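Engineer: Take this sequence and fold it.
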Amino acid sequence: MFTNNSLLSKLTCLAAIGLLSLGFSLSAQAQETLTIQQAIERMLQNNLNIKRAVLNVSSAAVDLQQSKAALYPSLNANADNNLSFGRGLNSTTFQVVNQKFYQGSGTLSASVDVFGGLSKINQIRQNKILLDAGNSNLDKVKNDLILQVVTSYFQVVFNVELLKASKEQLLVAQQTQEREEALMDAGNKTVADVSQAKAQAATAELNVTNAQNQLTISYLTLSQLMEMRTETNEYSVVAPTVQDIAMAQKVFNVNDVFNSSMSVFPDVKLAALNRQAAEKGIAVARGALTPRLSFGGNLGSSYSYLLAAESQNQHFFDQIGARFNQGIGLSLQIPIFNGLQARSNVKRAKINYEDFKLQENLTKNNLYKVIAQAIADLRAADSRYSSTLNTFNAQKDAFNVIEQRYNVGLVNSLDYNTSRTNRNKAETDFIQAKYDLLFRSKVIDYYLGRQINF
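Structural biologist: Numbers count the residues shown, from 1 in each chain. A predicted model of the protein is given here:
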């Protein structure tokens, strides 16, 4: 009777696990399956921080266009109209009289800077660099968010498998509790044995609840990065394969990865462009210390009308022709003393340049540090994966032996539950180590500028 109950318990457990797996399969078919590359693409399309960075690039393009247009001559038209009452000067007879008098004038003027210390040319060069820096900053924003998506995606995949393992462990614990209760009814187990089985089942149920909560939070984090307002059950993720794990077990050299990332990592390019733009800023500021020469010309005429003596007024076109005037001129402005404003601007520009030089060096140093740390983390994750795999296999084999001996009454409930707890912990540690290894491998791909997928 004891053996039959054990066999029945096992068959019931296997059936429940099969139904659970079938439920997972049917649920997955009803959901959208989202690969890690698709998650990255959705983030790139929808993320608001990326859209803000795109607007900053557009603004830099406008600044460049405006600085180029500043080289062209300026052209302005002006028109004045006045109506006066009472005593005033007649512009025709130049007598002071009591009158109602209308006068209008118009001018057309143009000017162009001939020389201004090359400030405008250097401003164009600086704005070109700043536009490139804006594009590099856009790449940096995308790159930073890609790493966040990869991190969140792996967290979802890990929590999905952890939840599945927790539910399977709960089914086994529940079956054990039912078996212990049946054996107690038959007089083969004590209340203590049943209480211990109930405690194990309660712990397994708590583990399922915690795993479900963690999965919900990780789905929410991933959805927020993609700017998706969806429920957690509206899409599922793709888990890595055994081949992906094998490919993750690679050996990298810190200097090789660093040298490769220097040419593709947007943070380094952005820092270099900011330093170059700051260097051009010095040349722009120095332009204010040099004389400024500009050339200009103007055309103009006027018309007046005495309201009280219409017969004395000349015809409109006669007055315009008679009063038509032209003029050209050169203007030279030499800065002598302006409160040291120009020299202070040059000093500030030099300080700004030195600051960006330091920022560029810091960026390179930080990149080397994080790459060295990432490679060290990958090596540690590889070792931990091998260790947890061996531990899990050993604990699984040990539990199988304990379970067989327990079924025939050669092992007590305490030893059986201890063995099962050790087996469950080893499985959880193995799952965590497996995805940590995969994640650390993808981090290296990230610094190498490779496409992240599996």
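Engineer: OK, contacts around residue 241?
Structural biologist: residue 454 (C-beta atoms under 8 Å, 6 or more residues apart in numbering). The C-beta positions use only the backbone N, C-alpha and C, and glycine is treated the same way.
Engineer: can you check the one 10 residues further on too?
Structural biologist: Taking C-beta under 8 Å, 6+ apart as the contact definition, residue 251 lies against residue 379.
Engineer: what's the helix or strand for it?
Structural biologist: If you go by DSSP states H and E, residue 251 is not part of any helix or strand.
Engineer: Same check on the one 10 residues further on?
Structural biologist: Element membership for residue 261 (DSSP H and E) is helix 254-262.
Engineer: Tell me the helices and strands packed up against the strand ranked longest in the chain.
Structural biologist: In the chain, with assignment by DSSP state E, the single longest strand is strand 96-115. Applying 3 or more C-beta pairs under 8 Å, 6 or more residues apart in numbering; DSSP states H and E, we find strand 96-115 packed against strand 74-89, strand 292-306.
Engineer: Just name the most buried of the ones you listed.
Structural biologist: strand 292-306 (a mean of 16; mean count of other C-beta atoms under 10 Å).
Engineer: ok now it, how far from the chain's centre?
Structural biologist: 55 Å (C-alpha atoms, centre = their mean, to the nearest Å).
Engineer: quick one: strands adjacent to that strand?
Structural biologist: Within its sheet, and counting by DSSP bridges, strand 292-306 is paired with strand 96-115 (antiparallel), strand 325-333 (antiparallel).
Engineer: which other helices and strands contact the helix or strand just after the first one?
Structural biologist: Spelled out, that is strand 96-115. Sequence-wise, the next helix or strand downstream of strand 96-115 (DSSP H and E) is helix 119-185. Counting by 3+ C-beta pairs under 8 Å, 6+ apart, the packing neighbours recorded for helix 119-185 are helix 2-30, helix 36-46, helix 48-69, helix 191-225, strand 235-237, helix 266-286, helix 413-447.
Engineer: Those: which one's closest to residue 171?
Structural biologist: The closest of those to residue 171 is helix 2-30. By C-beta to C-beta, the value is 5.0 Å.
Engineer: quick one: the helix or strand that that closest one is followed by to chain centroid distance?
Structural biologist: For helix 2-30, the following helix or strand on the C-terminal side (DSSP H and E) is strand 32-34. Computed by C-alpha atoms, centre = their mean, the separation of strand 32-34 from the middle of its chain amounts to 23 Å.
Engineer: hmm, who's touching strand 32-34?
Structural biologist: Counting by C-beta under 8 Å, 6+ apart, 42, 234, 235, 236, 237, 238 sit against strand 32-34.
Engineer: Format the helices and strands packed on helix 119-185 as a markdown table; extra columns: mean pLDDT.
Structural biologist: Putting the helices and strands packed on helix 119-185 into a markdown table (pLDDT from 0 to 100) gives the following:
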| stretch | mean pLDDT |
| --- | --- |
| helix 2-30 | 43 |
| helix 36-46 | 92 |
| helix 48-69 | 94 |
| helix 191-225 | 91 |
| strand 235-237 | 87 |
| helix 266-286 | 94 |
| helix 413-447 | 90 |
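Engineer: closest one to residue 248 among these?
Structural biologist: Of all those, helix 413-447 comes closest under C-beta to C-beta, at 3.5 Å.
Engineer: other SSEs contacting that closest one?
Structural biologist: Counting by 3+ C-beta pairs under 8 Å, 6+ apart, helix 413-447 packs on helix 119-185, helix 191-225, helix 242-248, helix 254-262, helix 341-407.
Engineer: Just the buried residues of that helix, please?
Structural biologist: 413, 416-417, 419-424, 426-444, 446-447 (16 or more other C-beta atoms under 10 Å).
Engineer: which residues touch the closest residue to residue 368 other than its chain neighbours?
Structural biologist: Sequence neighbours aside, residue 258 is the residue nearest to residue 368 in space, at 5.3 Å (criterion: C-beta to C-beta, 6 or more residues apart in numbering). By C-beta under 8 Å, 6+ apart, the contact set of residue 258 is 367, 368, 371.
Engineer: Pairing partners for residue 96 in the sheet, please.
Structural biologist: residue 89.
Engineer: what about it, distance to residue 102?
Structural biologist: 17 Å (C-beta to C-beta, to the nearest Å).
Engineer: One more: residue 424?
Structural biologist: 100 Å.
Engineer: correct me, but residue 245 touches residue 437?
Structural biologist: Yes: counting by C-beta atoms under 8 Å, residue 245 does reach residue 437; the two are 6.8 Å apart.
Engineer: Now do the residue lying closest to residue 269 once chain neighbours are set aside against residue 143, distance only.
Structural biologist: Closest residue in space to residue 269, ignoring its immediate chain neighbours: residue 136 at 4.7 Å, by C-beta to C-beta, 6+ apart. Distance, residue 136 to residue 143, using C-beta to C-beta: 10 Å.
Engineer: Need the overlap of contacts for those two.
Structural biologist: Common neighbours of residue 136 and residue 143 (C-beta under 8 Å, 6+ apart) are residue 266.
Engineer: the more surrounded of these two?
Structural biologist: residue 136 (20 against 16; other C-beta atoms under 10 Å).
Engineer: Tell me who's in contact with that one.
Structural biologist: Residue 136 sits in contact with 266, 269, 270, 273, where contact means C-beta under 8 Å, 6+ apart.
Engineer: same deal with residue 63?
Structural biologist: Per C-beta under 8 Å, 6+ apart, neighbours of residue 63: 127, 130, 131.
Engineer: Repeat the analysis, applying 7 Å as the threshold.
Structural biologist: 127, 130 (C-beta atoms under 7 Å, 6 or more residues apart in numbering).
Engineer: cool, the one 10 residues further on as well?
Structural biologist: With contacts defined as C-beta under 7 Å, 6+ apart, residue 73 is in contact with 110, 111, 112.
Engineer: May I ask which of the residues you listed has the most neighbours?
Structural biologist: Greatest neighbour count in the contacts of residue 73, by other C-beta under 10 Å, goes to residue 111: 16 neighbours.
Engineer: Before we move on, what's the pLDDT of the closest residue to residue 316 other than its chain neighbours?
Structural biologist: Closest residue to residue 316 apart from its sequence neighbours, by C-beta to C-beta, 6+ apart: residue 303 at 5.7 Å. On pLDDT, residue 303 comes in at 84.
Engineer: How about the one 10 residues further on?
Structural biologist: Here the pLDDT value assigned to residue 313 is 66.
Engineer: Number of residues surrounding residue 361?
Structural biologist: Residue 361 - counted by other C-beta under 10 Å - has 12 other residues nearby.
Engineer: And residue 408, by the same measure?
Structural biologist: Residue 408, neighbours per other C-beta under 10 Å, totals 10.
Engineer: One more: residue 364?
Structural biologist: For residue 364, using other C-beta under 10 Å, the count is 17.
Engineer: before we move on, back to that, so which of the helices and strands packed on helix 119-185 comes closest to residue 116?
Structural biologist: Using C-beta to C-beta, those put helix 266-286 closest to residue 116, at 10.6 Å.
Engineer: any idea of the angle that closest one forms with helix 341-407?
Structural biologist: When axes from the mean of the first three to the mean of the last three C-alpha atoms, to 10 degrees is applied, the directions of helix 266-286 and helix 341-407 differ by 170 degrees.
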